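# Here is my input; please provide its structure:
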Amino acid sequence: MLNFGLALSNGLRREGETNFTDKTSGMLYACLAYSELMDGNAVGAEKALLQAKLTAERFDANPNYSAAAIRFVPCDESASAYDDIGATAAEGVRNTVCSLESAELTKIWERVNNDEKRSNKE
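Residues are numbered from 1 along each chain as shown. Model (predicted):
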């Protein structure tokens, strides 16, 4: 189900643009990471968390809540989406990881964040 949701979200993205489904995709990747971890696949969990982080960063760099940003959605009038996920997509991912209450998942998330921060400084 998570992979279906991610495929749907990715399919609704216009080439080279972000849209508000990217914000929820970060959360879905975090849930996928938890699922991978519960299945004994720590490597898969880390890959999913890295994808969650990259997806959130991409959206946060250029947030777009306009309905016109969704592929296949004709939008003659201005319309936007609102959510209570968090102020940023990164906050939404972090909140999702915390809500899953898994010390191991949180540890992997912190490692992914720290590795990315180190590589960004180089």
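# Span of stretch 5-19 from start to end?
Its start and end residues considered, stretch 5-19 measures 15 Å (Cα to Cα, to the nearest Å).
# And that stretch, what's buried?
For stretch 5-19, a neighbour-count test (16 or more other Cβ atoms under 10 Å) marks 5-6, 9, 12-13, 18-19 as buried. From N, CA and C alone the C-beta is placed, and that goes for glycine too.
# likewise stretch 51-64?
Judged by neighbour count (16+ other Cβ under 10 Å), stretch 51-64 contains these buried residues: 51-53, 55-57, 59-60, 63-64.
# how about the buried residues of stretch 5-19, which pair is most distant?
Gly5 and Thr18 (17.0 Å; Cβ to Cβ).
# Next up, the contacts around the closest residue in space to Asn113 that isn't next to it in sequence.
Using Cβ to Cβ, 6 or more residues apart in numbering and skipping the chain neighbours, the partner closest in space to Asn113 is Lys53 (6.8 Å). Taking Cβ atoms under 8 Å, 6 or more residues apart in numbering as the criterion, Lys53 is in contact with 26, 90, 93, 112-113, 116.
# and what of Glu15?
Residues in contact with Glu15 (Cβ under 8 Å, 6+ apart): none are found.
# tell me the SS of it?
coil (DSSP: H, G, I helix; E, B strand; the rest coil).
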